[in-house]
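Give the three-dimensional model of this entry:
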Amino acid sequence: MNFFTRTSAIFLTITMLSGCAKTKKTLVLAEVNPPDSVSGQMDLFFANEVKRLTEGEISVEVNPSSILGDENAVIKEMMTTKKIDLARISLFTLTSIGSKKAAVLTIPYIFNNRDHFWKFANSEFASEILDEFYSGPDGLKGLFLAEEGFRHFFSTKPLKSLEDLSGRKIGTTNDPILNEIIQDFGSEAIQVPFYDLLKELIVDTIDTAEQSIVNYRSNFFDSAAPNVILDGHTIGVTEVLITNKAWEELTKTQQMALLKAGENASAYCRKICEIREPLVMESLKSTGVNITEVNDKTPWKEACAETIQKQAIKNTYLYGHIADMGN
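Coordinates of the predicted model:
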């Protein structure tokens, strides 16, 4: 074999090995909550699972604490510039951009308890939520559902009953259903980006807001608004989505790995919610936060009954199946 033959053979071998090498890809994930929140921990677990299941082919870069903007800004980026590949998004935000199916899960008092939600999340009906926006070049594919716990109102002022909400200025998203029930409760809904909630509570632009108990602590809302009423008007359902562009650039094997990572992350989310929630509750009580239990939610449900009925009839099929799962 002469020099030129040997050189050609070496070049061919290098080319073949190069073609067989695993392609490294980094997906950018946006998160509004801090790393130690339930969602923040779930994101990191998901990232680790993706790396493990793809044997390092895909890395997920988690950007917490609203580094990439609030959820509305993130969704806009995902559907236009595509600079953000993945995001953990509240269903309230999806409702604000026109969701019809995801909106059903934000109807007040639709879930009786955590088990009721997870029964739905692990059912075949969950795919209707996950696939709702999966169409067209600007579409989004839902990978899995998760939760942050039931959401409750908290305030800078005493909060012992439904009547105490009357006249309050409540910081909220631009979700129409949430804003409607706030009005049903006799309060004023004021749109505030999530990352500004604490500041606006401190300067008294708003006096009340609502979040799950773990997010309430993780985001230091107790430092400004140490009064909580456990009304549980809705469960904080969230969804991890990927842009169609990023999804379709993956191989079938990689897609299956992301779905499996999502399944594992979803189960992990449930586990840490169940563990952390009672611990956070005890910690809040020990630091002097005024927590009011709601033993009878009937007055709360009656106050927003028209909103519940109006939203339920928009998708009686899905609403009916969810209701049946709670029986």
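
I would like the residues contacting the strand or helix carrying M78, please.
Per DSSP states H and E: M78 is located in helix 71-79. For helix 71-79, contacts defined as C-beta atoms under 8 Å, 6 or more residues apart in numbering pick out 30, 32, 68-69, 83-85, 87, 89-90, 93-94, 96-97, 138-140, 173-174, 193-194, 241, 243. For glycine as for every other residue, the C-beta is placed from the backbone atoms N, C-alpha and C.

do you know how far E163 is from E147?
Going from E163 to E147 by C-beta to C-beta, to the nearest Å gives 29 Å.

The two: which is more packed in?
Neighbour totals were compared for E163 and E147, and E147 leads with 24 against 10 (other C-beta atoms under 10 Å).

For the more buried one, name its beta-bridge partners.
Beta-bridge pairing for E147 (DSSP bridges): V237.

what's the answer for I170, then?
Here I170, judged by DSSP bridges, has bridge partners A189, T208.

Was I right to think it contacts S187?
Yes: contact status for I170 versus S187: in contact at 4.8 Å, counting by C-beta atoms under 8 Å.

Which neighbours do these two have in common?
The contact sets of I170 and S187 overlap at T208 (C-beta under 8 Å, 6+ apart).

contacting residues for D131?
Contacts of D131 by C-beta under 8 Å, 6+ apart are K141, G142.

can you give me phi and psi for it?
According to degrees, to the nearest 10, the main-chain angles of D131 amount to phi -100, psi 10.

hang on, the earlier thing: what mean pLDDT does the helix or strand just after the helix holding M78 have?
Of the helices and strands lying after helix 71-79 in sequence (DSSP H and E), the nearest is strand 86-90. Mean pLDDT, computed over strand 86-90, is 97.

Run through who's touching strand 86-90.
Here strand 86-90 makes contact (C-beta under 8 Å, 6+ apart) with 27-31, 39, 42-43, 60, 71, 74-75, 78, 143, 146, 173, 236-243, 246.

Show me which of the residues you listed are buried.
Buried members of the contacts of strand 86-90, scored by 16 or more other C-beta atoms under 10 Å, are 27-31, 39, 42-43, 60, 71, 74-75, 78, 143, 146, 173, 236-243, 246.

Let me see the ranges of the strands in the stretch 51-200 of the chain.
Counting by DSSP state E, counting those that start in this stretch, one finds strands in the stretch 51-200 of the chain at the ranges 58-63, 86-90, 140-155, 169-172, 188-191.

Make JSON lines out of the ones you listed and add distance to I313.
Formatted as JSON lines, these follow (distance: least, C-beta to C-beta, whole Å):
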{"stretch": "strand 58-63", "distance to I313": "39"}
{"stretch": "strand 86-90", "distance to I313": "24"}
{"stretch": "strand 140-155", "distance to I313": "23"}
{"stretch": "strand 169-172", "distance to I313": "24"}
{"stretch": "strand 188-191", "distance to I313": "23"}
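
distance of the nearest residue to F220 once chain neighbours are set aside from D222?
Closest residue to F220 apart from its sequence neighbours, by C-beta to C-beta, 6 or more residues apart in numbering: L198 at 6.2 Å. Distance, L198 to D222, using C-beta to C-beta: 10 Å.

show me where the stretch 101-250 of the chain has helices.
Per DSSP state H, counting those that start in this stretch, the stretch 101-250 of the chain carries helices over the ranges 114-121, 126-130, 176-184, 197-202, 213-218, 244-248.

Which of the ones you listed sits closest to V294?
Shortest separation from V294 across the helices of the stretch 101-250 of the chain is recorded for helix 213-218, at 13.2 Å, computed as C-beta to C-beta.

Report the rounded mean pLDDT for that closest one.
Average pLDDT, helix 213-218: 96.

Which strand or helix spans K285?
helix 252-286.

And for I313, the neighbour number?
For I313, the tally of surrounding residues (other C-beta under 10 Å) stands at 9.

And for D164?
When neighbours are defined as other C-beta under 10 Å, D164 has 20 of them.
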